[in-house]
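Enquirer: Provided below are the primary sequence and the corresponding predicted coordinates.
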Amino acid sequence: MPHRLLVTGAAGFIGARFVESLASAGHGLPISVDRRPAFRERPEHRSVAFGDIVDMDELFDWLAKHKPPLGGIVHLGACTDTTELNEEFLRRVNFEYSQRLWNVARQMGVPFVYASSAATYGDGAQGYADDEAKTDRLQPLNPYGASKLHFDQWALAEETAKRTPPAWSGFKFFNVYGFGERHKDAMASVVLKAYDQIKSGGVVRLFRSHHPDYRDGEQKRDFVFVDDVVNVLHFALKHPLRRGIYNLGSGEARTFLDLVRCVFRELGAKERIEFVDTPIEIRERYQYFTQADMRRLRDAGYARPFHTLEEGVRAYVARLAASGVARPAARS
């Protein structure tokens, strides 16, 4: 029986794009793990060949029963809601579940690749270099970022104790955008929100700046196209990366104005932008600047160029237009 990849978060945004890419990368059908209803409720994923579908709550019993030969674990499943304040929930879903998968990879002797987050950097006071020696100095701005940092710290401690899979790598995803994120609702990228707003009313709304060093719309983020993220995950498995926690962004910070202007241009629409106050509940935790330092991943051998913001938005908008997946009706 051929070895197969186990992919968690497979019905999510990045997970579905990764599973979608497996055939062209020479892999067979994976073992796809997520909440079972998510596979049938998300029309953007309707053409994806998920292979064996396993509910995340049943995974470890399923593995014990079926004992599938694995070629690796790609762990993308997590609560990614940066406004989630239930620390106990985040501990179970983002930390303890990741620990159990790490130990499965270690016991089965297969590579383990997982999603960390740029949210671990907090306000950027320690910079955005993926220097593992500075991990304990980082101060995330929200419980989501803290849950990701705690697992990074645990993984490094396990390495010190010599309890690791044969190869392991974590990736601090920056602001990922691309097709298949509509189910994320408020957590979807500004590209999708701008696309929907332009199509429905012609006006894009952006958060006003509440920081004296940034004008409205000139808050900067490292926006990275999902296809680039998928390519890096394949690199980590194929190389394989022996160990470490790496940044995964484009390496270039761009403004939200840059981003929405790309969407206006791709839709052939007149630029109309309004600014609204950043909600008070997230204002103190809002990041005004992120930019991945990508030197460690480059030094590890990843040489493929990343999409520019213009290239990524062009590809994303084209796929949205061709997909036939309509924006869901507003809830009453």
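Expert: Cool, got the structure.
Enquirer: use CA for all of it now, contacts and neighbours both
Expert: Fine.
Enquirer: which residues of the chain score low on pLDDT?
Expert: By pLDDT under 70, the weakly predicted segments of the chain are 1-2, 325-332.
Enquirer: kindly recompute the last result at 90.
Expert: The chain contains residues with pLDDT under 90 at 1-3, 23-26, 80-83, 239-240, 281-287, 324-332.
Enquirer: in it, where's the longest helix?
Expert: helix 143-160 (DSSP state H).
Enquirer: show me what it is packed against.
Expert: Helix 143-160 sits against helix 87-90, strand 112-117, with contacts defined as 3 or more Cα pairs under 8 Å, 6 or more residues apart in numbering; DSSP states H and E.
Enquirer: reformat these as TSV; add mean neighbour count.
Expert: As requested, these are exported to TSV (neighbours: other Cα atoms under 10 Å):
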stretch	mean neighbour count
helix 87-90	16
strand 112-117	26
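Enquirer: of all the ones you listed, which lies closest to Gly26?
Expert: strand 112-117 (18.1 Å; Cα to Cα).
Enquirer: in the longest helix of the chain, what counts as buried?
Expert: Buried residues in helix 143-160, counted by 16 or more other Cα atoms under 10 Å: Pro143, Tyr144, Gly145, Ala146, Ser147, Lys148, Leu149, His150, Phe151, Asp152, Ala155, Leu156.
Enquirer: again with stretch 200-216
Expert: Gly202, Val203, Val204, Arg205, Leu206, Phe207, Arg208, Ser209, His210, Asp216.
Enquirer: so which two of the residues you listed are the farthest from each other?
Expert: Gly202 and His210 (25.1 Å).
Enquirer: before we move on, back to that, got the angle for the longest helix of the chain vs strand 112-117?
Expert: Interaxial angle of helix 143-160 relative to strand 112-117 (axes from the mean of the first three to the mean of the last three Cα atoms, to 10 degrees): 140 degrees.
Enquirer: that older thread, can you add distance to His27 and give the helices and strands packed on helix 143-160 back as CSV?
Expert: Formatted as CSV, the helices and strands packed on helix 143-160 follow (distance: least, Cα to Cα, whole Å):
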stretch, distance to His27
helix 87-90, 32
strand 112-117, 16
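Enquirer: can you tell me which of those is nearest to Ile14?
Expert: strand 112-117 (10.0 Å).
Enquirer: which residues touch that closest one?
Expert: With Cα atoms under 8 Å, 6 or more residues apart in numbering as the contact definition, strand 112-117 has outside contacts at 72-76, 102, 105, 145, 148-149, 152, 165, 167-174, 233, 236-237.
Enquirer: can we see that at 6 Å?
Expert: With contact meaning Cα atoms under 6 Å, 6 or more residues apart in numbering, strand 112-117 is reached by Ile73, Val74, His75, Leu76, Lys148, Trp168, Ser169, Gly170, Phe171, Lys172, Phe173.
Enquirer: which ChimeraX command selects the buried ones in those residues?
Expert: Typed into ChimeraX, the line below selects the buried ones among the contacts of strand 112-117, using 16+ other Cα under 10 Å:
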select :73,74,75,76,148,168,169,170,171,172,173
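Enquirer: which one among the contacts of strand 112-117 gets closest to Glu88?
Expert: Lys148 (13.4 Å).
Enquirer: related to what we said a few turns ago, now distance to Ala125 too, for the contacts of strand 112-117, in CSV please.
Expert: Formatted as CSV, the contacts of strand 112-117 follow (distance: Cα to Cα, whole Å):
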residue, distance to Ala125
Ile73, 33
Val74, 30
His75, 28
Leu76, 27
Lys148, 18
Trp168, 27
Ser169, 24
Gly170, 22
Phe171, 20
Lys172, 16
Phe173, 18
